[in-house]
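Asker: Structure for this input, please:
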Amino acid sequence: MKGRNAIGVRPAAVAGLFYPADPEILAAQVNGLLAAATAGGAPPKAVIVPHAGYVYSGPVAAAAYGCLRAVRETISRWSHQGFHYQHFGRLYAEVEVALYRGHGRSAWRLVEAGWGDLAASMIQRIEMVLVQSHDLRGRATLAAAARENDRRFQAGLMARAETDARTLGRSGSRWSRGLAAMLSAGVAALGGDADGARARLVAAGGHFEAAAMAVHRAVARRRLAELEADDSGIAAADRELEELGIRNPRAMADVFAPGRWF
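Answerer: Purely as a prediction, here's the structure:
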């Protein structure tokens, strides 16, 4: 491809202008900027950095990235023996990012790779972790099933997701019962049972309403509108999600209610 090298990476267009062209000099400059950066306060939730000539933007960008130093140092102190709640938090975040990006199979593989350590850690004896973990695995499994072409393997994935839904339903709390109903609705929709999916989504919406889970409730409404091919209902649910601060309602729906809904 024109303008790209053999492995598909575009050659640097401004090397020697915005920053040194020599890789060793560039690395030394970046490392020096990062070493000189100081940052205080709580770790950031997001980082936005300027991008211009390094002589102008370098110190500011380094200070922004320096804010992450405390996060990295904290993670480095985690125990490397066993599986702890912090490790579950990392697994949860990685799976949800994969779901948001539409990478259902990657999300499922991440859960499968970490499930053995999670189960052996005994932190699932904490009800919140039990609910979160089975909801996470169920959603990732359903997302993978929606992209699976092998019908037999897909059926196995759907059965696994339904098992996680039953586990969630046994918890008894309104929020877990809502998650169970939403997950089971996804299995029904993927299996072609539109009526069953509708009934479960309505039930999920009621549980989410009672548990004050506004985003989940709006996602359930969006999926219900998709099943009905109701464009105005989809638009209304998206507006509700946007009012709740969601920038990409469709992607968020894929996180909380993956599957195939139409």
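Asker: The stretch 101-250 of the chain: helices as residue ranges?
Answerer: Taking DSSP state H, counting those that start in this stretch as the criterion, the stretch 101-250 of the chain carries its helices at 104-121, 127-146, 151-169, 174-190, 194-210, 214-227, 231-243, 249-256.
Asker: pLDDT averaged over the second one, what's the number?
Answerer: It refers to helix 127-146. Average pLDDT, helix 127-146: 97.
Asker: That one - contacts with which helices or strands?
Answerer: Contact here means 3 or more C-beta pairs under 8 Å, 6 or more residues apart in numbering; DSSP states H and E; on that basis helix 127-146 packs against helix 85-100, helix 104-121, helix 151-169, helix 174-190, helix 249-256. Every residue, glycine included, has its C-beta placed from N, CA and C.
Asker: of these, which approaches Glu73 most closely?
Answerer: helix 85-100 (13.5 Å; C-beta to C-beta).
Asker: ok and that closest one relative to helix 249-256, angle-wise?
Answerer: Angle of helix 85-100 versus helix 249-256, following axes from the mean of the first three to the mean of the last three C-alpha atoms, to 10 degrees, is 130 degrees.
Asker: count of residues packed around Ala27?
Answerer: Counted with other C-beta atoms under 10 Å, residues neighbouring Ala27 total 11.
Asker: Ok, the one 3 residues further on next?
Answerer: Residues near Val30, counting by other C-beta under 10 Å, number 17.
Asker: Next, the buried residues of the strand or helix carrying it.
Answerer: Using DSSP states H and E, the element containing Val30 is helix 23-36. For helix 23-36, burial by neighbour count (16 or more other C-beta atoms under 10 Å) applies to Leu26, Gln29, Val30, Leu33.
Asker: For the following helix or strand past it, name the packing helices and strands.
Answerer: Scanning forward in sequence from helix 23-36 by DSSP H and E, the next helix or strand is helix 54-66. Secondary-structure packing of helix 54-66 (3+ C-beta pairs under 8 Å, 6+ apart): helix 23-36.
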